[in-house]
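1. got a sequence here, can you build the structure:
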Amino acid sequence: MRSIVAVLAGYAVFAVSALLLFRFSGQDPHGDASATFKAMAILVGTAGAIIGGYVAGSLAKRSPVGHASALALLMAVIASWSLHASPVKAAIWTQVSALFFMAPAAILGGILCSRGRAGP
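-> Numbering: from 1, shown residues only. Modelled structure (predicted):
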């Protein structure tokens, strides 16, 4: 049960960072955007994923990288489902960036967490 909560908490961190960015910017997450906004969104999403991976790893009793990897898998599954469900003419940059940048970044968060746990 603790593992599930850890992964879901990590996902919540990632999702809230994305929701706040799109809410305050007024940008449609499935609409086209300027290159500047896309770069900013990818950076914010990647940072949120790293923090989410760290949170997942921290809340888990063991295997921070394993829990962050489970978070990355959850992110990839949701992004893939969203990509598949998108209308043909919809902008897919958010899903593609989640697959190629943000999901791997969650694993980095777990790695950083595990390094922080290592003793002297």
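
2. which other helices and strands does the host helix or strand of residue 24 contact?
-> Taking DSSP states H and E as the criterion, residue 24 maps to helix 2-25. On a contact count with 3 or more CB pairs under 8 Å, 6 or more residues apart in numbering; DSSP states H and E, helix 2-25 meets helix 35-59, helix 64-85, helix 103-117. C-betas here are computed from N, CA, C, even on glycine.

3. and the longest one, how far out from the chain's middle?
-> Translated: helix 35-59. 6 Å (CA atoms, centre = their mean, to the nearest Å).

4. tell me what it is packed against?
-> helix 2-25, helix 64-85, helix 93-97, helix 103-117.

5. and the third one, which residues are buried?
-> Judged by neighbour count (16 or more other CB atoms under 10 Å), helix 93-97 contains these buried residues: 93-95, 97.

6. so which residue is dead centre in this structure?
-> residue 49 (3.5 Å; CA atoms, centre = their mean).

7. okay, that one and residue 26: tell me how far apart.
-> Using CB to CB, to the nearest Å, residue 49 is found at 23 Å from residue 26.

8. residue 43 now?
-> Counting by CB to CB - residue 43 and residue 26 are separated by 18 Å.
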